[in-house]
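> Fold the following and give me the result.
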Amino acid sequence: LALVAAHDVPRCVVTNSPREITDAVRLIDANAPLNTLPVYFTRGTYAHAKPHPQCYVLSVEQLLAKRLAAANHAGGCDDGGDDDHDVLGVVGMEDTPRGL
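Take a look at the predicted model:
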């Protein structure tokens, strides 16, 4: 997680847990690496619980919108262009046996 954060790769957590639980878990010292993940999509931010794809689609759309806005603000590609390096890369990880 630290390496991904150091390279400013767009990243987030998508969870069925409510915000109150994720906030509490992030406060535990042993879970400090979780604080390198800047965005949390918790159960209250989408209508259909996992494994429905809605939460994943919304999270990718929001990360892409932030990435494009930042690129436009910095004078980067203004229309999606042909710059392959400006395309959002997405990596999914599962952290529970139940999710596998």
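> drop to CA atoms for contacts and neighbour counts, all remaining ones
Noted.
> Output the below-cut-off pLDDT ranges for this structure.
76-91, 97-100 (pLDDT under 70).
> Quick check: phi and psi at the residue nearest the centre of it.
For the chain, the residue nearest the mean C-alpha position is residue 12 (1.9 Å; Cα atoms, centre = their mean). Dihedral pair for residue 12: phi -160, psi 170, per degrees, to the nearest 10.
> Now it: closest residue in space, sequence neighbours ignored.
residue 39 (4.7 Å; Cα to Cα, 6 or more residues apart in numbering).
> Buried residues of stretch 24-38, list them for me.
Along stretch 24-38, these residues count as buried under the neighbour rule (16 or more other Cα atoms under 10 Å): 34, 36, 37.
> whoops, stretch 17-24 was the one
19, 22.
> Can you give the distance from that stretch to the centre of its chain?
How far stretch 17-24 lies from its chain's middle: 16 Å, per Cα atoms, centre = their mean, to the nearest Å.
> hey, C-alpha coordinates of it in CSV?
Extracted C-alpha coordinates of stretch 17-24, given in CSV (Å, rounded to 0.1, in the frame of the first residue of the first chain):
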residue,chain,number,x,y,z
SER,A,17,-19.2,-2.2,6.1
PRO,A,18,-20.8,1.0,7.4
ARG,A,19,-18.6,4.2,7.7
GLU,A,20,-18.6,4.0,11.5
ILE,A,21,-16.9,0.6,11.3
THR,A,22,-14.3,1.5,8.8
ASP,A,23,-13.5,4.7,10.7
ALA,A,24,-13.0,2.8,13.9
